[in-house]
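Asker: structure for the following, please:
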Amino acid sequence: DVHQAVPRPAVKSTNRSRAVSPFSRKPSPPRSTTPTPTVAGLSFSKSFSDNLKKTNDLLNQELLRFHSEVDNLRQHCEHLEFQLEKSEKKAQEATTLAMEESAKSKAAKEVIKSLTAQVVFLDVMFIFW
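Answerer: Okay, the predicted model is just below:
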């Protein structure tokens, strides 16, 4: 059939809503702009202002104390690092010295063993002579 082979346009929805008249809506209340606060517009009581100043001063003092404590801890840490490096160097020197002394001791034991063997040999030779 010829009519079936021809593509048909897509069927659009027939559910159309009616346009709303702008005059049928309720008018919105007038928009008010929120004022931006400024420092000039702020007023604090003298006691509140004094309390803020005291709090700020106390916080500044505490901040200075913390900075001082950080500096003291940093210096203490640097001192401990210096002491640690010194101790590590001494430990390395002591290890090297112990190794040298151990080598000398082994060499001395070998010499003593050799001399003892020679003395025993000479004693045996002296007895047989």
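
Asker: other SSEs contacting the one helix or strand residue 70 maps to?
Answerer: Per DSSP states H and E, residue 70 falls inside helix 46-128. Applying 3 or more C-beta pairs under 8 Å, 6 or more residues apart in numbering; DSSP states H and E, we find helix 46-128 packed against no helix or strand. Heads up, the C-betas are built off the backbone N, CA and C, glycines and all.

Asker: would you mind checking the average pLDDT for it?
Answerer: In this model, helix 46-128 carries a mean pLDDT of 94.

Asker: CA atoms only for stretch 113-128, dumped as PDB, please.
Answerer: Extracted C-alpha coordinates of stretch 113-128, given in PDB (Å, rounded to 0.1, in the frame of the first residue of the first chain):
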ATOM      1  CA  LYS A 113      99.800 -17.500  70.600                       C
ATOM      2  CA  SER A 114     102.700 -17.500  68.200                       C
ATOM      3  CA  LEU A 115     105.200 -16.600  71.000                       C
ATOM      4  CA  THR A 116     103.700 -19.200  73.300                       C
ATOM      5  CA  ALA A 117     104.100 -21.800  70.600                       C
ATOM      6  CA  GLN A 118     107.800 -20.800  70.000                       C
ATOM      7  CA  VAL A 119     108.500 -20.900  73.800                       C
ATOM      8  CA  VAL A 120     107.000 -24.400  74.000                       C
ATOM      9  CA  PHE A 121     109.000 -25.400  71.000                       C
ATOM     10  CA  LEU A 122     112.200 -24.000  72.500                       C
ATOM     11  CA  ASP A 123     111.500 -25.700  75.800                       C
ATOM     12  CA  VAL A 124     111.000 -29.000  74.100                       C
ATOM     13  CA  MET A 125     114.200 -28.500  72.100                       C
ATOM     14  CA  PHE A 126     116.100 -27.500  75.200                       C
ATOM     15  CA  ILE A 127     114.900 -30.700  77.000                       C
ATOM     16  CA  PHE A 128     116.100 -32.900  74.200                       C
END
